[in-house]
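>>> next input, structure requested:
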Amino acid sequence: MPKAFAPLCGESLLAHALRGVFGCGQVGHVIIVAPDFHVDQCRAAVRFLDGHRQAEVVPGGVDRSASVEAGLAALRHEDRIVLVHDVARALAPPDLFDRVIRAVRAGHPAVVPGLPVTDTVKVVDAQGRVLATPDRESLRGIQTPQGFLREVLQHAHAGGGSATDDAGLVERAGGHVRVITGDARALKITSPLDLLVATALLQDGQHAG
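Below is the predicted model:
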């Protein structure tokens, strides 16, 4: 089962993620990039949730970068700011989308939300030997949605290669990335324990979706 359809409190992660997206009034065009064999399932989810706003579903690529490029190809002419979001961060609240967009409009061509890293981080080699201990005061755990001027993101992807996030491609292309304060609700759901935490957040009424 693709992660997008994993159940959380009776609904799929995709359904929860779409509520966060649709809850931001500044978002006017939503593109869902889906695995080839699940395009119809994603379209059904959109029809169930979206009574007044439109979202389109396009097939993705072989990896994250190729999938983002498929989404970029589906943009409309008037789409000038692009947000890239992971369904795994299904509880990201509408306010987080709004703050990322406002930061891009304020003059930052690439914006990512992030939170301070609380664990001590070690750099290790292939044998597990510690090579360095970065100062965690300068470290941030990066989240999505990540926001970009359209031309900045397109230029970064035109350079080829892959990265764990789109901001990494912008950095590689020589661009500057701004980090704003993230949100604890935008946790990445990757394990059964993460699902338990997300369930607790929903039951406590902390998800403003």
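
>>> residues contacting residue 4?
12-14, 17, 34, 38, 42, 87 (Cβ atoms under 8 Å, 6 or more residues apart in numbering). Heads up, the C-betas are built off the backbone N, CA and C, glycines and all.

>>> I'd like the residues you listed laid out as TSV, including pLDDT and secondary structure.
Converted to TSV, the contacts of residue 4 look like this (pLDDT from 0 to 100; DSSP: H, G, I helix; E, B strand; the rest coil):
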residue	pLDDT	secondary structure
12	91	strand
13	93	helix
14	92	helix
17	93	helix
34	92	strand
38	89	helix
42	87	helix
87	95	helix
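
>>> widest-spaced pair of the residues you listed?
Taking Cβ to Cβ as the measure, these span a maximum distance of 14.4 Å, between 17 and 38.

>>> one step back: among the contacts of residue 4, which ones are buried?
If you count burial by 16 or more other Cβ atoms under 10 Å, the buried members of these come out as 12-14, 17, 34, 38, 42, 87.

>>> export only the CA atoms of stretch 87-100, formatted as PDB.
Output of stretch 87-100 as PDB, limited to C-alpha atoms (Å, rounded to 0.1, in the frame of the first residue of the first chain):
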ATOM      1  CA  VAL A  87       1.800  13.500   1.900                       C
ATOM      2  CA  ALA A  88       3.900  11.900   4.800                       C
ATOM      3  CA  ARG A  89       3.600  15.300   6.500                       C
ATOM      4  CA  ALA A  90      -0.200  14.900   6.400                       C
ATOM      5  CA  LEU A  91      -0.900  17.100   9.500                       C
ATOM      6  CA  ALA A  92       0.900  20.200   8.300                       C
ATOM      7  CA  PRO A  93      -1.600  22.900   9.200                       C
ATOM      8  CA  PRO A  94      -2.900  25.600   6.800                       C
ATOM      9  CA  ASP A  95      -1.000  28.300   8.700                       C
ATOM     10  CA  LEU A  96       2.300  26.700   7.700                       C
ATOM     11  CA  PHE A  97       1.400  26.900   4.000                       C
ATOM     12  CA  ASP A  98       0.400  30.500   4.500                       C
ATOM     13  CA  ARG A  99       3.700  31.400   6.200                       C
ATOM     14  CA  VAL A 100       5.800  29.800   3.600                       C
END
